[in-house]
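Student: A structural model of the following input is requested.
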Amino acid sequence: QVQLVESGGGLVQAGGSLTLSCRNSGRAFDRPVVAWFRRALGKERAFVARIALINDRTSYADSVMGRFTISRNNTKNTVYLQMNNLNPDDTAVYYCAQGAWSAQPATFNSWGQGTQVTISS
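Tutor: Prediction:
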């Protein structure tokens, strides 16, 4: 059952920025960690970033370190992914998910349907 809803994807030029949002159908997240993953065409789903809701601890994939920032707004029950200095390698469908403190998709049991991010060169 799909609970999470992503938004904010789109088409931008290389060097541009986008902010993705993830909501849990209008209610509070009910797992300790929210993460972003992405799947590029022909590739496996890959970890991007995660945030622990109990203490705001964050973790990033090496490929996005220093360019992407994950954050949350408790009032809005929303987790964000601010993406700066985008390049064509960032083109993918981006998914948010709830789960454990892990980079493995199998440890996340609640997923959104994804939002497409396309970066033109």
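Student: so where's this protein shaky on pLDDT?
Tutor: 1-2 (pLDDT under 70).
Student: and L53, how far from V117?
Tutor: L53 sits 24 Å away from V117, going by C-beta to C-beta, to the nearest Å. To be clear about C-beta, it is placed using only N, CA and C from the backbone, and glycine gets the same treatment.
Student: and these two? Which one has more around it.
Tutor: V117 (22 against 17; other C-beta atoms under 10 Å).
Student: which non-adjacent residue is nearest the residue nearest the centre of the chain?
Tutor: Centroid-nearest residue in the chain, with C-alpha atoms, centre = their mean: W36, separated by 2.6 Å. Leaving aside its chain neighbours, W36 sits nearest to V48 (4.2 Å; criterion: C-beta to C-beta, 6 or more residues apart in numbering).
Student: burial count for the residue nearest to G10 when sequence neighbours are not counted?
Tutor: Once flanking residues are discounted, G10 sits nearest to L18: 6.3 Å by C-beta to C-beta, 6+ apart. Residues near L18, counting by other C-beta under 10 Å, number 21.
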